[in-house]
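S.K.: Provided below for reference: sequence and predicted model.
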Amino acid sequence: MSKAHLRFPSDFVWGVATASYQIEGAVSEDGRGPSIWDTFSAAPGTVEGGATGEVACDHYHRWEQDLDLMQSLGVNGYRFSVAWPRVIPSGTGTINEAGLDFYDRLVDGLLERGIAPFATLYHWDLPQPLQDAGGWPDRTTADAFVAYADAVTRRLGDRVAAYATMNEPWCAAFLGYAFGHHAPGLRDPKLALQAAHHLLLAHGAALEPMRANAPGAQHGIVLDFNAITPATDAPVDAAAAKRFDGFRNRWFLEPVLLGRYPADAHEGYGELAPRIEDGDLEVIARPIDFLGVNYYTRTIVADDPEVPHLAARTVPFEGPTTEMGWEVYPQGLTDLLLRLQREYRAPPLFVTENGAAYADELKDGAVADVERVAYFEQHIAAVHAAIEGGTDVRGYFAWSLMDNFEWAFGFNKRFGLVYVDFETQERVPKRSAGWYAELIREQRPAAPLERA
Ligand code: IFM
């Protein structure tokens, strides 16, 4: 892609994204309580290299420097998440004003630099006391989330441009409660489906106080999507791909946008299906102002009657991969954005995460991450193609501003535009950071921003 010939709307948001547990560190400071990720990562064998988010990028102390870095890139949006255990350390009850103060300063710091704050309320760091009481499979966790969302939006109000309730509820529910890869590390698919329902319920229920406290902000949710392709032209594989899409994408999308769970997936789950109370789906489907779309890769799927509930399995692919082992498949992003508009009449979309991990090396003070540049080029061009196709995409957030704690992979997977030396906490913008800054400069020539 030659950057110059693709023109995005002049008010397009060019951003970077991070999440609290992945960058903040300072896990015991200013009254923060423990989260499920503190507990999970402290347990042997859960995270590569025994890494934890105890220090991570030390962003809690270096946030001003990090905001300066963002300003030097020229971004006009920053997507961060608020750590629930900083705000309500026990999960319910007393609000920790010192925790809110941190985000208050962060938001003001962004506004001073001309960067719009995009806040996510839940990016997986559930207060541990709530997990001890049952976690997301327990309905009261949704009530606790509403009180937390109320506290945050009451304090930050309309200074935040957009609030997302949840980040990637599929991951929170399935990686955390069914596959054991993420906190709290459980392996019970029935619990995962109940957790998923309560995550969605919490999303819908929280919209009410959020809108009351921040009427000028946009309110929405961030879902993660996989492009799903059948392994062959055989009708059985097409049917398997549809089932897999029900599990991976539609189980979250359809309740939020259509007020119902997809019937095919629901039937497939059988006795695993969650308990749903009267009125829940109306709450979940409350109108949202935007849908956040996280996209990284695709999955190729074949029919397999041996696999319980899904009767589908994933098959290996041949395309180029990132360090995560994920296929680089930009066409999937165009297809997804077009589909959201055409099939679902989705509200305005933001690509709230997209990016790639590569084995970056710092050589002579520089990181020549040419593969990441190519990944971004291809995916940003894919977003452009969807806009050309009539989709209302309002912004793009690169994942991630800087290398950080990549969950069960610890610090071994680097997604950043900025390299972080985790020994010294030195930040070194990679070649991709310069590339992204130049792209933004070309797209927003009139913007009064400092340049990288
Ligand atoms: O790092 C994660 C992020 O927290 C959620 N979306 C995917 C990213 C890369 O794995």
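M.R.: Noted; the coordinates are in hand.

S.K.: so what's L100 up against?
M.R.: By C-beta atoms under 8 Å, 6 or more residues apart in numbering, the contact set of L100 is R86, V87, A151, V152, R155, L156. Using the backbone N, CA and C atoms, a C-beta is placed for each residue, glycine as well.

S.K.: Work out the gap between stretch 330-344 and the centre of the chain.
M.R.: 18 Å (C-alpha atoms, centre = their mean, to the nearest Å).

S.K.: Now that stretch: buried residues?
M.R.: For stretch 330-344, burial by neighbour count (16 or more other C-beta atoms under 10 Å) applies to P330, G332, L333, T334, D335, L336, L337, L338, R339, L340, Q341.

S.K.: Quickly list what the residue positioned nearest the centre of the chain is bridged to.
M.R.: Residue closest to the mean C-alpha point of the chain, counted by C-alpha atoms, centre = their mean, is N167 at 4.4 Å. As for beta bridges, N167 partners with V222 under DSSP bridges.

S.K.: In this protein, mark out all the strands, start to finish.
M.R.: Per DSSP state E, the chain carries strands over the ranges 13-17, 77-81, 116-122, 162-167, 218-230, 290-303, 312-315, 349-354, 393-399, 418-421, 426-429.

S.K.: if you skip the residues just before and after it, what's nearest to the residue in the stretch 51-200 of the chain that the ligand sits nearest to?
M.R.: The minimum distance from the stretch 51-200 of the chain to the ligand, using C-beta to the nearest ligand atom, falls at E168 (5.5 Å). Nearest non-adjacent residue to E168, counting by C-beta to C-beta, 6 or more residues apart in numbering: D224, 4.1 Å away.

S.K.: ditto for G410
M.R.: Nearest residue to G410 in three dimensions, chain neighbours excluded: A51, at 3.0 Å (C-beta to C-beta, 6+ apart).

S.K.: Isn't the residue of the stretch 51-200 of the chain closest to the ligand up against Y295?
M.R.: No: contact criterion C-beta atoms under 8 Å: E168 and Y295 do not qualify, at 11.1 Å.

S.K.: Please identify every residue contacting each of the two.
M.R.: Taking C-beta under 8 Å, 6+ apart as the contact rule, E168 and Y295 both touch D224.

S.K.: one step back: just checking, the residue nearest to E168 touches T297?
M.R.: No: here D224 does not reach T297: they are 10.3 Å apart, not a contact under C-beta under 8 Å.

S.K.: Does R441 touch V75 like I think?
M.R.: No: in this structure R441 lies outside contact range of V75 using C-beta under 8 Å: 11.1 Å.

S.K.: Just want to know which of those two has more residues nearby.
M.R.: A count of neighbours by other C-beta atoms under 10 Å puts V75 above the other of R441 and V75, at 28 against 17.

S.K.: The ligand contacts on this structure?
M.R.: Within reach of the ligand by C-beta under 6 Å from any ligand atom, the chain has these residues: A19, Q22, E168, N294, E353, W399, E406, F415.

S.K.: tell me, how many neighbours does the third one end up with?
M.R.: Think E168. Using other C-beta under 10 Å, E168 has 25 neighbouring residues.

S.K.: Backbone dihedrals for it, please?
M.R.: Main-chain dihedrals, E168, degrees, to the nearest 10: phi 50, psi 70.
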